[in-house]
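1. coordinates only, no sequence provided:
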């Protein structure tokens, strides 16, 4: 009887061991490449908790029972991030390739653009990350891609300027400067900007302050420039040559300056846009080669210069 009991006890233990091995023993589990969802669902929870069939950092139990992801696919939504990375690192949805719905996959946001996969507008400029990357080629991490002082949204949606070019019309003023001045950032001729060498200098006869016919042509061209550039004033600097006394030449240079002022006013330039100075003898004396045997002094020093003065808030390229 004792032997029979021993035999029965041994048999029951053997059966129990076989049963346990078949149900939960790792040595009898199918290889990961042979597993199916049906097979995994046939295993008990404790066994599933020990398995990570797709090596994505999540147990098969968590994938099947908690996150409803595919335990046989490391990247269930195919976005370039493993299910484990999405759950454990980025707090994104492993079942949605574009968690924030901005048009960029979670993987691209994390791996390519360094944007926030949980925020559709990482730089908070009003344009979605997807629009910035796919439509406007702007920086989704910078609200002002071209650093012109206007955010990308305003450039695209309000001003129709180029968010990747600080000076959309290439006139030397940034888009922000033009908006601030009330000029058109898409028109290179607005605002009109005048340079000193745009204006012609006139000369006078010896000891004279009347405007010669050739000087009238030059001044007429200056007038047209000023009419087209309402943001500019003009300063007239008049000189004499070195013949004669200082006080006389100072008065003569002032008469010459006034003659130019009169011409500008008579031809439509408001007097409040003009300032003038009679500066006496020119700072550079004539050379021997410039001296005229029949006329004392040299003509280039008997002159009146017209200098544009900008009233614009900004200067180009500054």
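-> Alright, I've got the coordinates. This structure is a prediction, so every number in the text was calculated from the model and none was measured. Numbering: from 1, shown residues only.

2. give me the element residue 309 is part of.
-> Using DSSP states H and E, residue 309 sits in strand 303-310.

3. who touches that strand?
-> With CB atoms under 8 Å, 6 or more residues apart in numbering as the test, strand 303-310 has contacts from 193-196, 198-204, 219, 222, 225-226, 229, 231-239, 256-257, 259-260, 275, 282. (C-beta placed from N, C-alpha, C; glycine too.)

4. 6 Å - rerun?
-> 194, 196, 199, 201-203, 222, 232-239, 256, 260 (CB atoms under 6 Å, 6 or more residues apart in numbering).

5. in strands only, show me those.
-> 202, 203, 232, 233, 234, 235, 236, 237, 238, 239 (DSSP state E).

6. which of these has the most neighbours?
-> residue 238 (27 neighbours; other CB atoms under 10 Å).

7. thought it was touching residue 255?
-> No - contact status for residue 238 versus residue 255: not in contact, 8.1 Å apart, counting by CB atoms under 6 Å.

8. before we move on, back to that, what pairs with the strand holding residue 309, parallel or antiparallel?
-> strand 202-203 (antiparallel), strand 232-240 (antiparallel) (DSSP bridges).

9. now that strand: average pLDDT?
-> Strand 303-310 shows a mean pLDDT of 98.

10. and it, how far out from the chain's middle?
-> 37 Å (CA atoms, centre = their mean, to the nearest Å).

11. buried residues of that strand, list them for me.
-> 303, 304, 305, 306, 308, 310 (16 or more other CB atoms under 10 Å).

12. from the ones in strands among the contacts of strand 303-310, which is closest to residue 269?
-> Top of the list for closeness to residue 269, among the ones in strands among the contacts of strand 303-310 and by CB to CB, is residue 234 at 7.2 Å.

13. measure the closest one to residue 197 for me?
-> Distance, residue 234 to residue 197, using CB to CB, to the nearest Å: 14 Å.

14. try residue 304
-> 16 Å.

15. over to residue 253?
-> Taking CB to CB, one finds residue 253 at 22 Å from residue 197.

16. neighbour count: the two, which is higher?
-> residue 253 (26 against 7).

17. where does residue 116 sit: helix, strand or coil?
-> coil (DSSP: H, G, I helix; E, B strand; the rest coil).

18. just how off-centre is stretch 283-299 within its chain?
-> 55 Å.

19. now do it, average pLDDT.
-> 75.

20. then stretch 120-133?
-> 98.

21. pretty sure residue 151 is touching residue 144, no?
-> Yes - counting by CB under 6 Å, residue 151 touches residue 144, with 5.2 Å between them.

22. next one: stretch 76-87 to chain centre, how far?
-> 33 Å.

23. contacting residues around residue 163?
-> 138, 145, 152, 155, 156.

24. name the member of the residues you listed with the most neighbours.
-> Neighbour-wise, the contacts of residue 163 (other CB under 10 Å) top out at residue 155, 28 neighbours.

25. now the helices for the chain?
-> Secondary structure of the chain by DSSP state H: the helices cover 2-24, 37-41, 45-49, 60-61, 83-85, 106-108, 129-131, 152-153, 175-181, 213-227, 246-266.

26. now tabulate these in TSV and tack on distance to residue 296.
-> Putting the helices of the chain into TSV (distance: least, CB to CB, whole Å) gives the following:
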stretch	distance to residue 296
helix 2-24	120
helix 37-41	110
helix 45-49	111
helix 60-61	108
helix 83-85	91
helix 106-108	81
helix 129-131	74
helix 152-153	66
helix 175-181	49
helix 213-227	20
helix 246-266	12
